[in-house]
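[1] I need the structure of the sequence given here:
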Amino acid sequence: MDSKPRTRVVIAKPGLDGHDRGVKIVARALRDAGMEVVYTGLHQTPEQIVRTAIQEDAAAIGLSVLSGAHMTLFAKVIELLREHDASDIVVFGGGIIPDADMPELERMGVARIFTPGATTHEIVEWVRSAIPAPV
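    Numbers count the residues shown, from 1 in each chain. The predicted model follows:
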């Protein structure tokens, strides 16, 4: 068994949205690509997500938001990471997010948003290139 440290990513489904097929596919693709994935499940609060990422020593948090609450949810996760001195955790996500909201999400610190049509290959390659591998 390979004992090389693996990139650890928390994948979360915040808010009240119950559509989780896509997030589970992304979680599996990252896992199959050799990453350690912690999927938090449905209906997570930003507080639960940040706490999990800190406890799991995650390098990144991936949020799936289909509910329309993306501006509030991403902002709260980033705010909580700052409050817990964990701004080094990269935040990315995907979902039904209007192009008009992308610049504001980027300004607040979201590293990347994947919209419908993004492939799992594209997501895996981005995570590999954007998230520093542990040593």
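
[2] And the strands in the protein?
    Assignment of strands within the chain using DSSP state E yields the ranges 8-12, 36-39, 60-65, 90-95, 112-114.

[3] Residue nearest the middle of this protein, spatially speaking?
    The chain has residue 62 as the residue nearest its centroid, 0.7 Å off, counting by CA atoms, centre = their mean.

[4] give me every residue that touches that residue.
    Under the criterion of CB atoms under 8 Å, 6 or more residues apart in numbering, the contact list for residue 62 reads 9, 10, 11, 12, 26, 30, 92, 93, 94, 127. Quick note: C-beta positions are derived from backbone N, CA and C, even for glycine.

[5] which one's the longest helix in this structure?
    Across the chain, the longest stretch assigned as helix under DSSP state H is helix 70-83.

[6] Quote the end-to-end distance of stretch 97-114.
    Across stretch 97-114, the terminal residues are separated by 9 Å (CA to CA, to the nearest Å).

[7] What residues sit buried inside that stretch?
    Counting neighbours by 16 or more other CB atoms under 10 Å, one finds that the buried residues in stretch 97-114 are 97, 105, 109, 110, 111, 112, 113, 114.

[8] So what's the residue count around residue 91?
    A total of 23 residues lie near residue 91 under the criterion other CB atoms under 10 Å.

[9] is it true that residue 15 touches residue 67?
    Yes: at 5.0 Å, residue 15 and residue 67 qualify as touching, with contact defined as CB atoms under 8 Å.

[10] Pick out whichever of these two has more residues nearby.
    For residue 15 versus residue 67, neighbours defined as other CB under 10 Å are more numerous around residue 15 (21 against 17).

[11] Next one: the more buried one from residue 41, what distance?
    Using CB to CB, to the nearest Å, residue 15 is found at 12 Å from residue 41.

[12] Same question for residue 52.
    Taken as CB to CB, the spacing of residue 52 relative to residue 41 amounts to 10 Å.

[13] Same check on residue 74?
    When residue 74 is compared with residue 41 (using CB to CB), they lie 19 Å apart.
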